[in-house]
Structure formats: C-alpha cells, structure tokens
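Asker: Model the following, please.
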Amino acid sequence: MGTDMDKLRIDKWLWAARFYKTRSLASEEITKGRVEVNGLEAKPSREVKVGDTVQLRREAVVRTVVVKGLSATRGAAQVAQQLYEETPDSLRAREQAAEQRRLAPEPALAIEHGRPTKRGRRELDQAQGGWGDRWSASADE
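Answerer: Presented below is the predicted three-dimensional model:
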C-alpha cells in the first residue's frame, strides 16, 4: 500500500477495493448518485480517508462499508477485502435481501408464457403427443 497516502479519490478506491471492474464504471455509478461518503452524495473526485463510511447501491442491495485502508492499485480479492469492513447492519440487510430473493423470486424470472425455450418446446411436444410426421423435414417420401 501507499506510504504517505492519507487520502484517495473515491472512484480509485472503489476500483482498488474491487467493488467495480473498472475505474470508469466506478465513476459512472458515482455520477449516477449510487455512492455516498459519510452520508453525502459523492463525486468521482471526492477523496476518502481511513475511517470514512461509504454506502453503495447496486440493484436493490445497499452496502455500507468503513474504509480501513487506501490503495491506488488493484490487487487480489484478499488484499482488496482488507481495504474495507462491512458494517454488521449492512451484512444483516444483505442476508435478508438474499433470503427474500430466494423466497420470492423476481416476477420476471417466473414468466412461463411467451416463447418457449428449446427444452420447453420438447416438453410441449411430448405432452401433445409430438407433431407426428406432418412436420418432418426428411425428403424420403
């Protein structure tokens, strides 16, 4: 980690802590207002220091983490995890959100009508006794 580094841009930090794949993606999410530092909406150039609280929104999940370390380089996942500590409330909320997703899946994922999948098509064919020879593509007649 940096030697005399006591502050770092939030977009760099989020990228180094592996919350986002690229720094530009981190900037984009910050610009969209999905990242807060110490309860205030952040700009990509906003600097964070050890002890700051960062809140990020991804889909329906909100994570709150406390900055534990600063790094301007992106390292392995184990290294990245040492840069922050998730708050107990945040962990609990994420577990509850995961549990709710498990119990009540997204309605869009439960759509059973519309165009059937290849597997669904096969199941339909078997249920209807197949299409018979009517749709045969063979040319041996």
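Asker: Listing request: residues of this structure with sub-threshold pLDDT.
Answerer: Low-confidence segments of the chain, defined by pLDDT under 70: 1-4, 105-113, 129-141.
Asker: now do 50
Answerer: The chain contains residues with pLDDT under 50 at 1-3.
Asker: which helix of it spans the most residues?
Answerer: helix 88-103 (DSSP state H).
Asker: May I see the buried residues of that one?
Answerer: The neighbour-count check on helix 88-103 (16 or more other CB atoms under 10 Å) flags residue 90 as buried. The way it works is simple: take the backbone N, C-alpha and C, and place the C-beta from them, glycine included.
Asker: okay, that helix in PDB with CA atoms only?
Answerer: Backbone C-alpha positions of helix 88-103 (Å, rounded to 0.1, in the frame of the first residue of the first chain) are rendered in PDB as follows:
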ATOM      1  CA  PRO A  88     -22.900  -5.500  10.800                       C
ATOM      2  CA  ASP A  89     -26.200  -3.800   9.800                       C
ATOM      3  CA  SER A  90     -25.200  -3.900   6.200                       C
ATOM      4  CA  LEU A  91     -24.300  -7.600   6.400                       C
ATOM      5  CA  ARG A  92     -27.600  -8.300   8.000                       C
ATOM      6  CA  ALA A  93     -29.600  -6.300   5.500                       C
ATOM      7  CA  ARG A  94     -27.800  -8.100   2.600                       C
ATOM      8  CA  GLU A  95     -28.500 -11.500   4.100                       C
ATOM      9  CA  GLN A  96     -32.200 -10.600   4.500                       C
ATOM     10  CA  ALA A  97     -32.300  -9.300   0.900                       C
ATOM     11  CA  ALA A  98     -30.700 -12.600  -0.300                       C
ATOM     12  CA  GLU A  99     -33.200 -14.600   1.700                       C
ATOM     13  CA  GLN A 100     -36.200 -12.600   0.300                       C
ATOM     14  CA  ARG A 101     -34.900 -13.100  -3.200                       C
ATOM     15  CA  ARG A 102     -34.700 -16.800  -2.500                       C
ATOM     16  CA  LEU A 103     -38.200 -17.000  -1.100                       C
END
